[in-house]
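> model the following, please.
(one chain, ligands or ions: 2)
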Amino acid sequence: MHIKPLSEDLRNKIAAGEVVERPASVVKELIENSLDAGATEISIVIEKGGHQLIQVSDNGGGIAPDELETAVHRYTTSKIETVDDLFNINSLGFRGEALASIASVSEMQLASCANGDGGFLINIYDGEAGKMEPSEPVSGTRIDVRNLFYNTPARKKFLKSQRVEFRQIVQMVKRYALAYPEVAMKLIHDEKEILNLQSESFKERIDNVLDPTYSQNILEVNSLKGDFSVSGFVGNLNLVRSRPGEQYIFLNRRFIKHRLLNNAVYSAYRSLVKRGEYPFFALNLVQPTDQIDVNVHPMKIEVRFKDEWRLYHVLKSAVEEALETSMWPMNGFSTKMR
Ligand code: ADP
Ligand code: MG
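Residues are numbered from 1 along each chain as shown. Ligands and ions are numbered 1, 2, ... in the order given. Alright, predicted model coming up:
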């Protein structure tokens, strides 16, 4: 056996194994790119649960024509340059591998218009970019991803039904819709409008994304402890569910999953809910970037903190404060309130 370098295409497909699990992961990466590009409007068009088409268009800064092809290479990014930058991440992306990974397992078209140029596009097939062509005008960038996993049948086999994959996409879009209420977002599936969100406040966004009754049942959280802040909303007992799913923690505007931080919130509810009951919360944590490492996994949903127990306590007391002032104003709380 000889040791040989893997081809670029093979490297991308291996990376795609981590970044592109299913249609929802493509949606995630494309929305993040649009947000990083400063978009104020993002439109997501899906066909057949993402099996057939995932298209994300934005009105962000766009990609210069001579950089279109570079954008789909692996480890090419406009977001970081030095190792120091890696510990001071202010964008959602920084690894420079999403477009390359997605392009290696789909048919991709990348159309963009930067600094008022006319708009150009490239088609990427099997990881190879074709010639650049003029495109019809786009207001920023539009990326079409077709036939996901057409060239990796083993992966394609694991795709679930269109309905199940679409449900995952909706979940994903909701996370970003909640994290960026000032950004207008539209989601269309098989020509049906699923979400059409205007720029709005966080509270209005919660109503429009989750349910119009939510704003009547949420309590505001607002706390600043040194360089760490917590803001957002937690649900009252009307929004307690027997299954998890509506617990949102955003760290510096990135949706994260962190068991200890979730537990911090649950423990603030300790005497109010039973085991196996899950309150609603949507909380924005802000912390200096040098206290955090998001480069744990390519999907960046896991985060490491310098001092996670400090966060635990700050978060817990922030939520307790909100619950106490709003729910226990009159001498004690009783479960009869439910
Ligand atoms: P990363 O986001 O980690 O930098 P990606 O592979 O997702 O890597 O994207 C590569 C580069 O392509 C980005 O750094 C950015 O410069 C450019 N890009 C991708 N999508 C967009 C977009 N919607 N608008 C503007 N630029 C984009
Ligand atoms: Mg990216």
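> and the protein, which residues reach ligand 1?
For the chain, the contact set with ligand 1 under CB under 6 Å from any ligand atom comprises 29, 33-34, 37, 58, 60-63, 71, 76-79, 93-100, 141. C-betas here are computed from N, CA, C, even on glycine.
> and residue 116, which of the three is it?
Secondary structure for residue 116, judged by DSSP: H, G, I helix; E, B strand; the rest coil, is coil.
> need phi/psi at it.
Comment: the main-chain dihedrals of residue 116 come out as phi 70, psi 10, following degrees, to the nearest 10.
> what pLDDT does the residue in the stretch 101-250 of the chain that ligand 1 sits nearest to get?
Here the stretch 101-250 of the chain gets closest to ligand 1 at one residue, residue 141, 3.6 Å apart by CB to the nearest ligand atom. On pLDDT, residue 141 comes in at 97.
> tally of neighbours for the closest residue to it other than its chain neighbours?
Of all residues not flanking residue 141 in the chain, residue 112 sits nearest, at 4.3 Å (CB to CB, 6 or more residues apart in numbering). Residue 112 is flanked by 26 other residues according to other CB atoms under 10 Å.
> and the one 10 residues further on, by the same measure?
Neighbouring residues of residue 122 were enumerated by other CB under 10 Å; the total is 22.
> bridging residues for the residue nearest to residue 141?
Partner residues in beta bridges with residue 112, using DSSP bridges, are residue 120, residue 141.
> ok, now residue 283?
With DSSP bridges as the criterion, the beta-bridge partners of residue 283 are residue 232, residue 249.
> narrow the residues of the chain next to ligand 1 to those that are buried.
Buried subset of the residues of the chain next to ligand 1 (neighbour count, 16 or more other CB atoms under 10 Å): 29, 33-34, 37, 58, 60-63, 71, 77-78, 93-100, 141.
> shouldn't the residue of the stretch 101-250 of the chain closest to ligand 1 be in contact with residue 67?
No - in terms of CB atoms under 8 Å, residue 141 does not count as a neighbour of residue 67; the distance is 11.4 Å.
> for the stretch 51-200 of the chain, which segments count as strands?
With DSSP state E, counting those that start in this stretch as the definition, the stretch 51-200 of the chain shows strands at residue ranges 53-58, 107-112, 120-125, 128-129, 133-134, 141-146, 184-189, 192-197.
> select from those the stretch with the lowest mean pLDDT.
Taking each of these in turn, the lowest mean pLDDT turns up on strand 128-129, with a mean of 90.
> before we move on, back to that, hang on, the residue nearest to residue 141 packs against residue 61?
No - in this structure, residue 112 sits apart from residue 61 without contact. The criterion is CB under 8 Å, and the distance is 9.3 Å.
> which neighbours do these two share?
Applying CB atoms under 8 Å, 6 or more residues apart in numbering, one finds that residue 112 and residue 61 are jointly contacted by residue 140.
> tell me the residues of the stretch 1-150 of the chain that contact ligand 2?
Residues of the stretch 1-150 of the chain found near ligand 2, taking CB under 5 Å from the ion as the criterion, are 33, 93, 98.
> report the contact partners of the second one.
Residues near residue 93 by CB under 8 Å, 6+ apart: 29, 32, 33, 36, 77, 79.
> could you rerun that using 6 Å?
32, 36, 79 (CB atoms under 6 Å, 6 or more residues apart in numbering).
> columns pLDDT on top of those residues, output as TSV?
Written out in TSV, the entries for the contacts of residue 93 read as follows (pLDDT from 0 to 100):
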residue	pLDDT
32	98
36	98
79	95
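> of the residues you listed, closest to ligand 2?
Each of the contacts of residue 93 was scored against ligand 2 by CB to the ion, and residue 32 proved nearest at 5.2 Å.
> so where's the chain shaky on pLDDT?
Scanning the chain with the threshold set as pLDDT under 70 gives 327-338.
> need the helices for it, in chain order.
8-19, 23-36, 68-71, 83-86, 98-104, 153-156, 162-179, 202-209, 259-268, 308-327 (DSSP state H).
> most tightly packed of these?
Most buried of those, by mean neighbour count (mean count of other CB atoms under 10 Å): helix 98-104, with a mean of 26.
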